[in-house]
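A.B. asks: Sequence below, structure please.
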Amino acid sequence: MRLFWSLSAIAVASSVSAFAPANTVPSRTSSAVYSTVAVATSDVKAKQDATLTKLAARDQQSSAISKDDLNVVFEDEHIVVVSKPAGVLTIPGKDSSNPSLNKAVFDKYGSESGRMDKMVVHRLGMDTSGLVVFARTNAALRQMNTLFRTRKVTRKYEALVCGHISQDEGSIDLPLMRDYECPPYMRVSTDEHQRALIDLDPNQVGKKILENPKDSLTKYQVLAREDMGGNDVTRLMLTSISGRTHQLNVHCAAIGHPIVGDSVYGYGGEAASNGGLNESELPSDKASEELQKSIKEASAGKPMCVHAKSISFRHPVTKEDLSFESSAPF
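C.D. replies: Coordinates of the predicted model:
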């Protein structure tokens, strides 16, 4: 059986119709579709600045990693594929002194350009473990960027989510937007929340928060329904079709099954609960609040349970078809 969740934003520039199969459930929007949520530019900016300061401090806690610590899965003269441990930044961010996988790979292999930032073609969040590809040559960098931009890279993630998902497989088809209520995090886009952006000043809040909603599609397959310390969890294989920021986290939360250990989009997290949806919009098999709370307490201090398990693409220079896998640590 397949389950499709579809929510579209009315009268916005971006839609999810390109991904919506013929048998999707009818699109849903907020019941207050013609109302506008009052929001002030100053409030959004203050919240965003406070969160960015907190995130910068969190980046400084990135675990140290050296070139000798790297778990190299593949290397040639053009690219390197490594498996990143949780707790390590992919790139150092604005503070170049932050420990990062990028720095360790550059120290070991260098790059044709002599710049570590010219090796980066994609990234994983600090709390996410798994496979990352780096480019060593300018030609590889250009072509890998093209492969990602044209969605010719297949990435699969293994994750533990709260509760038991009833369907064995399905697709989560929900557009995403920046959340002006919890900036700079993401949420499911609705017409009501798009309307709330109309009066915001882009010079104050930045252009990203005012971007049109992004079509976002995640496919999932249940690998196992498990028990974690007396709590129901489901082991999923997640395929990110569209590759949006925080897509897997928001989509899992939006179907009532947040990723175990997700301190941002999970129970009591910093972002909007349920991916920004109302409780009434969640499916009947959603994980209860009590269960999510119990799992949060049981997983406290442990890494988030999401791992970039496999990646497949055509070699940017030799054109050989490549596919790599890495075992999940949970």
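A.B. asks: can we go C-alpha only for contacts and neighbour counts from here?
C.D. replies: Noted.
A.B. asks: what bits of the stretch 1-150 of the chain have low per-residue confidence?
C.D. replies: Low-confidence regions of the stretch 1-150 of the chain, defined here as pLDDT under 70, cover residues 1-38.
A.B. asks: for it, what spans make up the strands?
C.D. replies: 2-6, 72-75, 79-84, 129-135 (DSSP state E, counting those that start in this stretch).
A.B. asks: partner strands of the shortest one, parallel or antiparallel?
C.D. replies: Read it as strand 72-75. Strands adjacent to strand 72-75 in the sheet, as given by DSSP bridges, are strand 79-84 (antiparallel).
A.B. asks: Quick one: residues in contact with the strand it pairs with.
C.D. replies: 70-75, 90, 101, 129-137, 140, 326 (C-alpha atoms under 8 Å, 6 or more residues apart in numbering).
A.B. asks: CA atoms only: put stretch 68-83 into PDB for me.
C.D. replies: Coordinates of the C-alpha atoms in stretch 68-83 are reproduced here as PDB (Å, rounded to 0.1, in the frame of the first residue of the first chain):
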ATOM      1  CA  ASP A  68      43.800  10.500  10.200                       C
ATOM      2  CA  ASP A  69      40.300  10.000  11.500                       C
ATOM      3  CA  LEU A  70      38.600  10.000   8.100                       C
ATOM      4  CA  ASN A  71      36.500   7.000   7.100                       C
ATOM      5  CA  VAL A  72      37.300   7.000   3.400                       C
ATOM      6  CA  VAL A  73      34.900   5.000   1.200                       C
ATOM      7  CA  PHE A  74      36.300   5.900  -2.200                       C
ATOM      8  CA  GLU A  75      39.000   8.100  -3.600                       C
ATOM      9  CA  ASP A  76      40.500   8.900  -6.900                       C
ATOM     10  CA  GLU A  77      42.200  12.000  -8.500                       C
ATOM     11  CA  HIS A  78      38.900  13.800  -8.900                       C
ATOM     12  CA  ILE A  79      36.600  13.000  -5.900                       C
ATOM     13  CA  VAL A  80      36.600  11.600  -2.400                       C
ATOM     14  CA  VAL A  81      33.700   9.900  -0.700                       C
ATOM     15  CA  VAL A  82      33.800   9.800   3.100                       C
ATOM     16  CA  SER A  83      31.400   8.600   5.900                       C
END
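A.B. asks: Grab the nearest non-local neighbour of Val188.
C.D. replies: Leu176 (4.6 Å; C-alpha to C-alpha, 6 or more residues apart in numbering).
A.B. asks: Dig out what Leu238 forms beta bridges with.
C.D. replies: Assigned bridge partners for Leu238, using DSSP bridges, are Tyr157, Tyr220.
A.B. asks: ok, now which ones touch it?
C.D. replies: Residues counted as contacts of Leu238 (C-alpha under 8 Å, 6+ apart) are Lys156, Tyr157, Glu158, Ala159, Thr218, Lys219, Tyr220, Gln221, Leu248.
A.B. asks: number of nearby residues for the third one?
C.D. replies: So that's Glu158. Number of residues near Glu158 (other C-alpha atoms under 10 Å) recorded here: 27.
A.B. asks: ok, for Cys182, nearest residue in space, not its chain neighbours?
C.D. replies: If the residues on either side of it in the chain are set aside, Cys182 comes closest to Ala271, at 5.6 Å by C-alpha to C-alpha, 6+ apart.
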